[in-house]
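Engineer: this one's structure only:
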């Protein structure tokens, strides 16, 4: 799952947006992408495990993104080899 909101403000609480899952159920996260409301890709990571602590820090090209609603896309493979596709939205709060 992906949290519905995060606040990358440096207070050490919900500063990073991460994909959460159980390694006993998920073999691989093939794609994790975040898009802004205009459809621009602002973050992308491929081929990692849930426990790898891969996370978006709310920045694009080193600059902090403005608060707003973003869309995410996840393509993963479960332990049975089945493809899983998850889509949703999240809110960046500052």
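Structural biologist: Perfect, I can see it now. Predicted model, so just to flag it, every value in this text is computed and none were measured.
Engineer: OK, contacts around residue 56?
Structural biologist: 16-17, 34, 42-43 (Cβ atoms under 8 Å, 6 or more residues apart in numbering). All C-beta spots, glycine's among them, are computed from the backbone N, C-alpha and C.
Engineer: mind redoing it with 6 Å?
Structural biologist: 17, 34, 43 (Cβ atoms under 6 Å, 6 or more residues apart in numbering).
Engineer: ok, it to residue 12 distance?
Structural biologist: 16 Å (Cβ to Cβ, to the nearest Å).
Engineer: thought residue 16 was touching residue 58?
Structural biologist: No - judged on Cβ atoms under 6 Å, residue 16 makes no contact with residue 58 at a distance of 8.1 Å.
Engineer: can you name the farthest residue from the center of the protein?
Structural biologist: Within the chain, residue 80 marks the point farthest from the mean C-alpha position, 22.9 Å out by Cα atoms, centre = their mean.
Engineer: in stretch 11-19, what counts as buried?
Structural biologist: For stretch 11-19, the neighbour count (16 or more other Cβ atoms under 10 Å) marks 17-19 as buried.
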